[in-house]
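J.: Mind folding the following:
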Amino acid sequence: VLKSRYVTAEGLAIEKTVINNEYRQTDLDDPNSMLNSLFYETMYDTNPVRNPIIGDMEQLKELTPQKVRRFIERTYVSGNMFGIVFGPNKQEAIKIGRKYLDDWPHLGSLTVLDTSGFDLVPAHSSPRVAEQPRSGQKQYYVAAGFPTAVYKTKEDAALDVIAKIVERRLYDVVRERGHDLTEGNYHNPIIVDRSLTHGSVGAWFATASKDFALYGRDAIVREFTRLREELVPEQMFDNARDSLREKFYSSFRDTPGEVVERVVAAISNGDPDLKHLHSYPDRLNALTRSKVRQVANKYFNPNGFVSATVTPA
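T.: Coordinates of the predicted model:
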């Protein structure tokens, strides 16, 4: 359906309508989506991750079939394609790939993204705090965290362990802290997000109390920054590392769909030979509590956190 002959004025008009309504349904009407957008808009100045994945509605209005065709013919080329085949050996897999992909009409070379103009890992000297009111909302949606390294980093294992540790501690200091019926929160999911152009770690939650929103935000920042000084207890460190290692191996044993997601993420983010993906357990095994503290000191400046809150209007 991406071949140019399917792009007509009628088809484009229909898709514009679909996307315009999708934007409202999945972005404007969803406080979680608004929170996510506000978090990255606040964290970055020039990084493309600060732009919504669904696109700009003003640009959408200006699209023509000719513009769409040019984009398809420039971007959806054979050099940008890859296939994932489970089961056969490499030669058989190549035959399968050629059978289904060699007739792709557009030739071309791999698209190379120039990231030199992006603030990949910004170092903020003061907190960045943003609030955005939303009418009809009943809770405060809060996210806080720090910019970190991009996808292909040797520090990924340490950052993942840190996320596990903070998630466990936040259960005690945020969720279990809510004794007052008007305060508290449902849960506090951790944020770990890394791509070719950006990286971040943090947490978010929702609460009916403005005071508890401020308390929870500060608790998130505090749990990350305390790792700069303290060595994580050995049992907590081992549990976090072992959990991540088992999750990695279990996906290959039991869940092909998760393996596909891991492979797609690896290739799309600069790891075409999958060496970085497959060496992840080695980085976990080499990790120490001292290394965790070292990484925390590198990224978790107490005055450099980012916070976003979507508030009731």
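
J.: show me what contacts the closest residue in space to residue 237 that isn't next to it in sequence?
T.: Spatial nearest neighbour of residue 237, excluding adjacent residues (Cβ to Cβ, 6 or more residues apart in numbering): residue 289 at 5.2 Å. Where C-beta positions appear, they are placed from N, C-alpha and C, glycine not excepted. Going by Cβ atoms under 8 Å, 6 or more residues apart in numbering, residue 289 touches 231, 232, 234, 237.

J.: make it 6 Å
T.: 231, 232, 237 (Cβ atoms under 6 Å, 6 or more residues apart in numbering).

J.: Of these - the most surrounded one?
T.: Within the contacts of residue 289, most neighbours by other Cβ atoms under 10 Å means residue 232, with 20 neighbours.

J.: Please report the residue range of the longest helix in the protein.
T.: helix 234-254 (DSSP state H).

J.: who's in contact with that one?
T.: Where contact means Cβ under 6 Å, 6+ apart, the residues beyond helix 234-254 that reach it are 160, 161, 164, 165, 258, 259, 280, 281, 284, 289.

J.: What helices and strands are in contact with the next helix or strand after it?
T.: For helix 234-254, the following helix or strand on the C-terminal side (DSSP states H and E) is helix 256-268. For helix 256-268, the packing partners by 3 or more Cβ pairs under 6 Å, 6 or more residues apart in numbering; DSSP states H and E come out as helix 234-254.

J.: what comes up buried for the helix it packs on?
T.: Across helix 234-254, burial judged by 16 or more other Cβ atoms under 10 Å covers 237, 240, 241, 244, 248, 251.

J.: still on that earlier bit, what's the average pLDDT for the longest helix of the chain?
T.: Averaging pLDDT along helix 234-254 gives 96.

J.: One more: stretch 296-303?
T.: 97.

J.: Sort out which residues of it are buried, please.
T.: 296, 299, 300, 301.

J.: try stretch 45-62
T.: Here stretch 45-62 shows 47, 49, 50, 52 as buried, counting by 16+ other Cβ under 10 Å.
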